[in-house]
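# Next comes the sequence, and after it the predicted model I'd like to discuss.
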Amino acid sequence: MVYLDGSVIRAALTEDMRPRDRVALCRIAAMVSENVLTFFASADARAEIDRAAPASRRQHPREYAALELLRSAPVGWIDAESRVASAAEEVGFNVLLRITGSETDAVLLSRARLAGARDVIAAESSVLLEQARELARELDLRVFRPADYLSRWSTQLQLPK
């Protein structure tokens, strides 16, 4: 199980993502569609896929196709608004709030963590990547760029062919 930060979805449709991360995102989406990988992401990120500008879709067709695979996944989308109270009850919520500085990020990560996610995939621009050491030390959350996650998966968890 993995938490996919919204920064990955935003970066995939812009020039803000490394080429190897673009390729990895496509493989990660395929793994989700093949039921090899379970993910969690913000329902708002799903809506961002729907709102992607036609120019971005044309400029990044592979990435958009990968995002469409994710968007069509029936589970994994977390609505931060509906569960603020229950997430706030989790011990790690206050730690996440302090580290991320965002109640929304803290709620989303807390809910994904409660469901069993211990790995986080984030883009270069994400505060989660900046705070990776602290998240690992305090909450045992591992933060990866997409290519780094895929590399870890393939070497440690035997990526299917």
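Done, it's in.
# residue boundaries of the helices in the chain?
With helices called from DSSP state H, the chain shows them at 6-12, 19-33, 43-50, 54-59, 61-71, 84-89, 91-100, 103-114, 127-130, 132-139, 146-156.
# Pick out the shakiest of those helices, pLDDT-wise.
Of all the helices of the chain, helix 84-89 carries the lowest average pLDDT, namely a mean of 50.
# List the contacts of the residue nearest to L128 when sequence neighbours are not counted.
In space, L128 comes closest to A122 once its chain neighbours are excluded; the distance is 4.3 Å by C-beta to C-beta, 6 or more residues apart in numbering. From N, CA and C alone the C-beta is placed, and that goes for glycine too. The neighbours of A122, taking C-beta atoms under 8 Å, 6 or more residues apart in numbering as the test, are D5, S7, V8, L128, L129, V143, F144, R145.
# Specify which member of those is nearest to L37.
Using C-beta to C-beta, F144 comes nearest to L37 of these, at 12.9 Å.
# State whether E134 and G101 are indeed in contact, as I suppose.
No - between E134 and G101 there is no contact under C-beta atoms under 8 Å: 11.8 Å.
# if I look at the residue lying farthest from the centre of the chain, how far off is R133?
Here the centre of the chain is the reference, and by C-alpha atoms, centre = their mean the most remote residue is A55, at 23.4 Å. Applying C-beta to C-beta, to the nearest Å, the value for A55 to R133 is 37 Å.
# Sounds good, over and out.
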